[in-house]
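# Quick one, what's the 3D model for this:
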Amino acid sequence: MKHFFKRNFKRTMFGLAGAAILVGGLSACGHRDREFGANLSAEQYTQKRDKMVDKAASKLDLTEDQKKRLATLGDKLYEQRTALIGQTKDPRAEMKALVAGDKFDAARAQALITDKTTALQTKSPEVIAALADFYNSLNPAQQQKVRDYTDGRGHWFRRG
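You can find the predicted model right below:
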């Protein structure tokens, strides 16, 4: 009997510790500022996009045509993000609804995943085409700067 209690006590403690870490991690992720979210108005998004395009343009020495292509890429990414979020104003509420009852709502979760996957499959070709159009418009020196940035040697958008 003593062995049974000791084994179950350890499992219970590890389970509680794991649950505490999971809840703590989820709550820490939930408190970040999300100023570039889908809840931006069209004017706010356009201002932020233009600011990002101008910053990238200054780092890459982009021409006006390349700036337009980069802005188009930003718009396509924003459209995809908006499609992923869907019609809801509060995506967290959808996730909370899955575990609101005494049983996990597996059918609703599957429908949510299907919706998100469909949005990705629908919008991804447009995003890829816009990215290819922008990248292919860059000259070799600009492409090298982009590769350097993606390798971690550039820090264009760091605050500081």
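# Enumerate every residue touching the nearest residue to Leu77 once chain neighbours are set aside.
Spatial nearest neighbour of Leu77, chain neighbours left out: Val127 (6.0 Å); criterion: Cβ to Cβ, 6 or more residues apart in numbering. To be clear about C-beta, it is placed using only N, CA and C from the backbone, and glycine gets the same treatment. Residues near Val127 by Cβ atoms under 8 Å, 6 or more residues apart in numbering: 73, 76-77, 80.
# Quick one: those as TSV, columns for pLDDT, distance to Leu120 and secondary structure too.
Below are the contacts of Val127 laid out as TSV (pLDDT from 0 to 100; distance: Cβ to Cβ, whole Å; DSSP: H, G, I helix; E, B strand; the rest coil):
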residue	pLDDT	distance to Leu120	secondary structure
Leu73	91	17	helix
Lys76	90	13	helix
Leu77	87	12	helix
Gln80	85	7	helix
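# Now the buried members of those residues.
With neighbours counted by 16 or more other Cβ atoms under 10 Å, these contain buried members at 73, 76-77, 80.
# So what does the residue most central in space within the chain have for phi and psi?
Central residue of the chain (Cα atoms, centre = their mean): Arg81, 7.6 Å from the mean position. The phi/psi pair for Arg81 (degrees, to the nearest 10) reads phi -60, psi -40.
# ok, back up a step: from the contacts of Val127, which single one is nearest Asn136?
If you rank the contacts of Val127 by distance to Asn136 using Cβ to Cβ, Leu73 comes first, at 11.8 Å.
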